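Student: give me a 3D structure for the following:
(2 chains)
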Amino acid sequence: MTIKEVRDILRARVLCGEHLLSQEVHSACGADLMSDVLAFVKDQSVLLTGLLNPQVIRTADMMDMVCIVFVRGKLPDESMIELAKSRDIVLMCTDLRMYSACGKLYKGGLVGLEC
Amino acid sequence: MDSLHLHFDIDGSDFTSAGEAASELKRVLRQLGFPPEIIRRCAISMYEGEINMVIHANGGTVDVYIDSDEIIFELIDSGPGIADVELAMQEGYSTASQEVRDLGFGAGMGLPNMKRYTDQIIVDSIVGVGTAVFMSIKLE
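Tutor: Below is the predicted model:
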């Protein structure tokens, strides 16, 4: 699916990277522990998280992820948005909780990766 | 290809900037045309190393040597040292503070992740003196 479809499924608000919404994404992961995200080197395009700090953006950057979704209505500050812009990463936020957000995307066809 | 040497000073006072050096390394490796998987393994290993230096050792230095057949990392700090290196290499073992855990790290995955993505890792540490981590990633 495209990042735009991720936005629509999660009824999310895009905070930066609007010009990247047509990009295709093929897998996702949900985590609040960044070292867990870093433990799987395979391609994952979307990160769903309830964690709010610049290391979320840096972790996504290291993993070549193209989109971060903040769940539970959490909003990153301006410095995080600027960092994401400089790395061409889409940021969006949804009011959904982690389990529901992941479930909706999975049901919509965006799978996770097997270990 | 001639060996290329990169040096980074890691600022231990600012958790926000941890990862800048790994980001810069990633940019250089991409410019040099390395395959994405090699770049990601290098970036993650160095990023976890940087995070460790910031949360445990008040910063340090990283030297990266890019050779024709391998990429070598030397991470040196003057932090408190690791009392039991074998224990520190086990997933889940951590001495990090709650504050660091709240930031999404400090779950005892740093050194194990560095081991996972490198072909060789040597951790040399003296309590009260500091820690040196040597890592190598082979280029096929």
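
Student: which residues in the chain form strands?
Tutor: Looking at chain A here, since you left the chain open. A:13-16, A:28-30, A:46-49, A:67-70, A:90-93 (DSSP state E).

Student: that was the other one, I meant chain B.
Tutor: Going by DSSP E, chain B shows strands at B:4-11, B:59-66, B:70-77, B:120-126, B:130-138.

Student: now these as a markdown table including mean pLDDT, mean neighbour count and distance to residue A:88?
Tutor: Where C-beta positions appear, they are placed from N, C-alpha and C, glycine not excepted. Putting the strands of chain B into a markdown table (pLDDT from 0 to 100; neighbours: other Cβ atoms under 10 Å in any protein chain shown; distance: least, Cβ to Cβ, whole Å) gives the following:
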| stretch | mean pLDDT | mean neighbour count | distance to residue A:88 |
| --- | --- | --- | --- |
| strand B:4-11 | 95 | 15 | 23 |
| strand B:59-66 | 96 | 19 | 24 |
| strand B:70-77 | 97 | 20 | 25 |
| strand B:120-126 | 97 | 14 | 31 |
| strand B:130-138 | 97 | 19 | 25 |
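
Student: for chain A, find the nearest of those strands.
Tutor: With Cβ to the nearest Cβ, the closest approach to chain A among the strands of chain B belongs to strand B:130-138: 11.9 Å.

Student: who does that closest one pair up with?
Tutor: Paired neighbours of strand B:130-138 in the sheet (DSSP bridges): strand B:70-77 (antiparallel), strand B:120-126 (antiparallel).

Student: about what we covered before: and the strands of chain A, which is most packed in?
Tutor: Of all the strands of chain A, strand A:67-70 carries the top mean neighbour count, a mean of 25, counting by mean count of other Cβ atoms under 10 Å in any protein chain shown.

Student: contacts only, for the closest residue to residue A:109 other than its chain neighbours.
Tutor: Closest residue to residue A:109 apart from its sequence neighbours, by Cβ to Cβ, 6 or more residues apart in numbering or on different chains: residue A:1 at 5.9 Å. The neighbourhood of residue A:1, defined by Cβ atoms under 8 Å, 6 or more residues apart in numbering or on different chains, consists of A:9, A:24, A:25, A:108, A:109, A:110.

Student: which of those are buried?
Tutor: Buried residues within the contacts of residue A:1, counting neighbours by 16 or more other Cβ atoms under 10 Å in any protein chain shown: A:9, A:25, A:110.

Student: and which of these is nearest residue B:20?
Tutor: residue A:25 (26.3 Å; Cβ to Cβ).

Student: I'd say that closest one and residue A:46 touch.
Tutor: Yes: here residue A:25 reaches residue A:46: they are 5.2 Å apart, a contact under Cβ atoms under 8 Å.

Student: and the gap between residue B:31 and chain A?
Tutor: Distance of residue B:31 to chain A, computed by Cβ to the nearest Cβ, to the nearest Å: 16 Å.

Student: for the least confident helix or strand in chain A by mean pLDDT, name the packing helices and strands.
Tutor: Ranked by mean pLDDT, DSSP states H and E, the weakest helix or strand in chain A is helix A:34-38, scoring a mean of 88. Judged by 3 or more Cβ pairs under 8 Å, 6 or more residues apart in numbering or on different chains; DSSP states H and E, the packing partners of helix A:34-38 are helix A:54-62, helix B:36-57, helix B:110-117.
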